[in-house]
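Asks: quick one, fold the following:
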Amino acid sequence: MFQQTLAATLCLTIGAYLLLSKAKQEPKSISSFKWTYTIVFILASASDWLQGAYTYSLYKSYGLSFETIAQLFVVGFLSAAVFGGLLAPTVDKFGRRNGCLLFCIVYFLSSLTVFFQDFWVLLCGRILGGIGTSLLFTSFEAWMVGEHLKQKLPSETLGDLFSFTTFVNGIVAICSGLVADAAVHYLGYTGPYQVSMFCLTLCFVGILLLWGENYGQSQETKIDWSLYSRPEIIGLGWMQNAMEIMMYAFVFLWAPTMEQLDPNVPFGTVFSNFMLMMMLGSLFYSHLTWKQPTILFLCFSLSLIAFSLAYWSTSLPVVYLGFNIFEFVIGMYFPAISTLRSKIVSEHNRAQLTNHFRIPLNLGVTSLTIGHLHAHQYPHFWIRIHYFESFWLISCFTL
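Replies: Next up is the predicted model:
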């Protein structure tokens, strides 16, 4: 079933891309900017995807218990929550390009720690990894939006760019998984980290050679707390955190949920299919003419359907269908929320607000990680949470 589904999804994705890509012709200035950003972003994204595949297996090979490994993951999320907020105004003040360069350095140092089997060294690595993750998800987008405005490119092309990077990110995720498998085979569990460090080096050089600098706040690094009194800012952060907490919980728990229904699930094939569905969702978004709030409402509605299938059914094909629907939703969600954020969030405070939005996100994911210790006792507990969270989002979205 899984191989056939993967093949069908792959054919559908390639066919949709070839069909839809003919419908749009881009000016040279837009195409040049898109690839200048995407080439560097691919390297940064690959460094992150490569590290995620075998982190648990690496820690386990060092003789660490499941509880100890969970503690390391929790520290990483807490690090992103704490330091992300502190770095936000600094990145806006001293430059988004510098923030991206700092990501390369911090993530490289984090990767170095996995070559030591000492718990405290690994703990330092998780702290550095949390800082790096925060920079990855804020500085790069902030630079791209700032440069887009700086070059005075048409505002309507920003949504297409977000959709394109989401699509490419799916390809990078699939390729990173395959490269990680090969690296583990030839180099052991530290192999993916070695490849990741190579990608980070190339990313660092690419930023230096291809990118100019742009800034947010130009006066001071003082945080403007008055921004959080604006209803649209509060609503944006609330929607973003609720949706992405669901996403990160899904990343943690889809495998054990499916394994309980069938111990012989080919997880590599399933993961590849998920990434293809995400790519298909980003393609679908790029040709929607609806406003972003309408698209986000569609995302939340489809999430409700997806988790309803997973919650109410004990059939593996039905649960698998629900999970694929959710990945399709993720493909639409990221370009939609990024475009909406670019319209609501001031250019001068972009990195600050984006990082602060991630503080409750990381705290929520931390809680779910701790709860994961008991997930084997409550196999559908997380699905129940997502079911009601999706319903809650739809209800509030209609207010």
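
Asks: now the strand or helix carrying residue 91, how far from the chain's geometric center?
Replies: For residue 91, the host element (DSSP states H and E) is helix 66-94. Helix 66-94 sits 15 Å away from the centroid of its parent chain (Cα atoms, centre = their mean, to the nearest Å).

Asks: other SSEs contacting it?
Replies: Under the contact definition 3 or more Cβ pairs under 8 Å, 6 or more residues apart in numbering; DSSP states H and E, helix 66-94 sits against helix 55-61, helix 96-112, helix 119-136, helix 139-150, helix 350-371. No exception for glycine: its C-beta is placed from N, CA and C like everyone else's.

Asks: need those in TSV with distance to residue 74 and mean pLDDT, can you?
Replies: Formatted as TSV, the helices and strands packed on helix 66-94 follow (distance: least, Cβ to Cβ, whole Å; pLDDT from 0 to 100):
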stretch	distance to residue 74	mean pLDDT
helix 55-61	13	81
helix 96-112	16	93
helix 119-136	9	91
helix 139-150	24	84
helix 350-371	5	66
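
Asks: so can I have a markdown table of these showing distance to residue 264 and mean neighbour count?
Replies: Compiled in a markdown table, these are given as follows (distance: least, Cβ to Cβ, whole Å; neighbours: other Cβ atoms under 10 Å):
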| stretch | distance to residue 264 | mean neighbour count |
| --- | --- | --- |
| helix 55-61 | 19 | 17 |
| helix 96-112 | 33 | 22 |
| helix 119-136 | 32 | 22 |
| helix 139-150 | 39 | 23 |
| helix 350-371 | 27 | 22 |
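
Asks: quick one: buried residues of the helix holding residue 91?
Replies: For helix 66-94, a neighbour-count test (16 or more other Cβ atoms under 10 Å) marks 69-85, 87-94 as buried.

Asks: coming back round to it: so for residue 160, which of the helices and strands packed on helix 66-94 sits nearest?
Replies: Shortest distance between residue 160 and the helices and strands packed on helix 66-94, using Cβ to Cβ, is found for helix 139-150: 11.1 Å.

Asks: following element in sequence after that closest one, please.
Replies: helix 157-187.

Asks: now that next one against helix 139-150, angle please.
Replies: 150 degrees (axes from the mean of the first three to the mean of the last three Cα atoms, to 10 degrees).

Asks: other SSEs contacting helix 157-187?
Replies: helix 28-53, helix 139-150, helix 191-210, helix 267-286, helix 316-344.

Asks: and after the fourth one, which helix or strand comes next?
Replies: Secondary structure here is assigned by DSSP H and E; on that basis, the next helix or strand after helix 267-286 toward the C-terminus is helix 292-312.
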